[in-house]
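# here are the coordinates; sequence isn't available:
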């Protein structure tokens with residue numbers, strides 16, 4: 001009975017966002033308010049405790065928002081300085097084969113943009129670039145969205161994975177595990193499953209391209225690129241998994257994408273593993289009207305900036321993140337001091353009995369902001385261009401800010417609902433929900449976990465927000481059904497990443513930047529099957545691991 005009350009805020013969120021198409025920034029504040037009402041009426045949570053956990057939820061969101069702001073700021077700075085125009089030129093004349101262009105631009109370059117900025121930018125940047133090399137606008141949007149899945153667990157320098165860990169950190173410590181070891185295990189297993197699925201999803205993307213937009217409408221046209229897909233994905237995956245295993249989530253997609261990008265450009269240029277017959281689209285006069293832009297798309301700003309100069313900001317970012325993370329992992333004092341330096345309330349509990357601490361010098365967001373400021377000088381940007389980059393970033397972040405503030409505050413209410421009257425109820429709202437799901441699914445819950453992640457991303461437009469909303473629920477359910485918590489949280493992380501293919505925010509963004517406004521429904525329908533295939537792959541991977549008895553970091557009670 002109480003599980004039904006606990007699920008009301010989530011059902012409310014799904015209905016408002018999916019049925020009525022309300023954005024996360026409007027929905028999540030109402031979800032928080034409804035959660036507070038139920039917590040007060042049913043769980044007897046008092047106002048002071050609700051205020052305390054809401055405020056600490058807001059403060060925790062600041063850490064994520066700093067990364068989002070910095071990531072998008074560096075992207076907008078490069079667009080305004082002309083650096084993105086120079087980077088776009090790099091792709092000119094790679095190969096005449098549209099399938100190879102889709103892999104290099106849609107998958108590899110899109111992975112780099114996801115790793116550096118995240119939050120909807122890959123489809124918004126990779127799709128227009130595909131149009132510029134001859135793709136029908138709708139095809140560009142479809143391919144860019146399908147490929148915006150593999151790198152997403154580690155997008156915006158690891159934000160989704162770090163957010164998932166932060167959400168359950170206290171529970172991990174309570175379970176008797178080393179939190180850093182648990183975070184690294186989550187990073188590794190999230191990467192393993194996505195890496196295995198990458199071979200399939202890159203091929204599926206080409207299948208969709210040739211079937212829906214090819215002259216022959218035949219899946220057979222995808223077969224000749226299999227050797228190149230295996231090679232490129234292998235290069236990407238080896239780096240992706242090794243970095244996840246030994247360094248941490250911040251650099252997984254970033255370094256893998258950068259190295260693979262240059263390997264892909266070189267090998268395509270010299271003809272390595274290229275198909276014998278070039279595959280291209282039919283003449284534009286033969287394209288279906290639904291493939292074309294319905295609105296005017298502005299041309300990118302032309303720039304004569306050198307490629308080296310354009311890449312300098314990203315080189316600095318990668319160098320700083322690699323050096324600091326590697327040095328901290330090997331125990332260097334200066335790196336440990338950076339990570340341990342925090343601002344906040346310490347352990348004073350001054351925020352209505354709670355405390356909050358932020359490792360400001362360790363935040364990738366701070367690195368992004370500093371590099372964005374350095375870029376102003378390196379690229380000799382005008383004051384108008386700088387103001388434009390900051391104004392654009394402010395507008396883009398404002399919606400995410402509201403969603404994250406209230407999303408994390410809502411999770412806090414879910415987790416600590418019974419703190420005021422611990423003997424009055426059998427657990428918090430989150431625990432009651434988890435127990436209800438455990439009773440229904442049992443150990444078959446492993447097949448449900450990624451779908452919850454997909455739902456969260458579809459609702460909110462972000463794997464980070466999906467993890468914010470559902471990681472604690474997944475963790476508690478895993479404990480109740482005696483499944484490895486690391487695996488179930490990794491499946492949540494995977495599902496949120498995979499859901500980027502069909503999430504409303506990304507689809508709207510892709511349609512807007514390709515000029516295919518009005519085709520959102522068609523895009524979602526075309527990408528549902530690739531989304532389902534990827535979910536099936538990650539479920540099989542973890543299902544096999546569970547059957548083999550693997551539990552990387554056992555916790556007390558799970």
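Looks like it arrived, so ask away. Here the structure is a predicted model, which means the values were calculated and not measured.

# Now the residue nearest the centre of the chain: closest residue in space, sequence neighbours ignored.
Centrality entry for the chain: nearest residue to the mean C-alpha point is residue 152, 3.6 Å, by CA atoms, centre = their mean. Leaving out its chain neighbours, the residue that sits closest to residue 152 by CB to CB, 6 or more residues apart in numbering is residue 497, at 3.5 Å. Where C-beta positions appear, they are placed from N, C-alpha and C, glycine not excepted.

# show me what contacts the one you found?
By CB atoms under 8 Å, 6 or more residues apart in numbering, the contact set of residue 497 is 149, 150, 151, 152, 153, 155, 160, 194, 453, 457, 463.

# same check, this time on residue 530
Contacts of residue 530 (CB under 8 Å, 6+ apart): 146, 201, 204, 205, 208, 501.

# ok, now how distant is the third one from residue 495?
It refers to residue 204. Using CB to CB, to the nearest Å, one gets 17 Å for the distance from residue 204 to residue 495.

# and if you look at residue 217?
In terms of CB to CB, residue 217 sits 31 Å off from residue 495.

# Between those two, point out the one with more neighbours.
Using other CB atoms under 10 Å as the criterion, residue 217 and residue 495 rank with residue 495 on top: 30 against 10.

# The more buried one and residue 451 touch, don't they?
Yes: with contact defined as CB atoms under 8 Å, residue 495 counts as touching residue 451 (6.2 Å).

# what's the overlap in contacts for the two?
In terms of CB under 8 Å, 6+ apart, residue 495 and residue 451 are both contacted by the residues residue 535.

# how many other residues sit next to the nearest residue to residue 133 once chain neighbours are set aside?
Distance criterion CB to CB, 6+ apart; nearest residue to residue 133, sequence neighbours excluded, is residue 101 at 5.4 Å. Using other CB under 10 Å, residue 101 has 21 other residues around it.

# In the stretch 351-500 of the chain, where is pLDDT below threshold?
Along the stretch 351-500 of the chain, segments meeting pLDDT under 70 span 351-355, 396, 399-400, 423-426, 434, 459-461.

# Would you list the phi and psi of the residue nearest to residue 152?
With angles defined as degrees, to the nearest 10, residue 497 sits at phi -70, psi -50.

# returning to that earlier point: what would the contacts of residue 530 look like in a markdown table with distance to residue 489, neighbour count and secondary structure?
Putting these into a markdown table (distance: CB to CB, whole Å; neighbours: other CB atoms under 10 Å; DSSP: H, G, I helix; E, B strand; the rest coil) gives the following:
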| residue | distance to residue 489 | neighbour count | secondary structure |
| --- | --- | --- | --- |
| 146 | 25 | 32 | helix |
| 201 | 21 | 22 | helix |
| 204 | 26 | 20 | helix |
| 205 | 27 | 26 | helix |
| 208 | 30 | 21 | helix |
| 501 | 21 | 32 | helix |
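
# can you tell me which of the residues you listed lies nearest to residue 522?
residue 208 (12.3 Å; CB to CB).

# who touches the closest one in this structure?
For residue 208, the contacting residues are 142, 143, 146, 526, 530, by CB under 8 Å, 6+ apart.

# on that earlier part again, what about the residue nearest to residue 133, helix or strand, and which?
helix 98-101 (DSSP states H and E).

# Repeat that for residue 244.
Residue-wise, residue 244 maps onto helix 226-246 under DSSP H and E.

# mind checking how far that helix is from the chain centre?
Its chain's C-alpha centre and that of helix 226-246 lie 19 Å apart, by CA atoms, centre = their mean, to the nearest Å.

# What's the first helix or strand after that helix?
helix 252-270.

# List the buried residues in that following helix.
By neighbour count on 16 or more other CB atoms under 10 Å, the buried set for helix 252-270 is 252-261, 263-265, 267-268.

# now swap in stretch 520-527 and tell me
Those buried within stretch 520-527 under the rule 16+ other CB under 10 Å are 520, 522, 523, 524, 526, 527.

# could you dump these to a markdown table with pLDDT and distance to residue 105?
Output for the buried residues of stretch 520-527, formatted as a markdown table (pLDDT from 0 to 100; distance: CB to CB, whole Å):
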| residue | pLDDT | distance to residue 105 |
| --- | --- | --- |
| 520 | 71 | 22 |
| 522 | 78 | 22 |
| 523 | 81 | 18 |
| 524 | 79 | 22 |
| 526 | 85 | 19 |
| 527 | 89 | 18 |
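
# Show me what counts as buried in stretch 219-237.
The neighbour-count criterion (16+ other CB under 10 Å) identifies 221, 222, 224, 225, 228, 229, 232, 233, 235, 236, 237 as the buried residues of stretch 219-237.

# Run through the strands of the chain in chain order.
Residue ranges of the strands in the chain, as given by DSSP state E, are 343-344, 357-358.

# Out of these, which gets nearest to residue 12?
Closest approach to residue 12 among the strands of the chain is made by strand 357-358 (31.0 Å; CB to CB).
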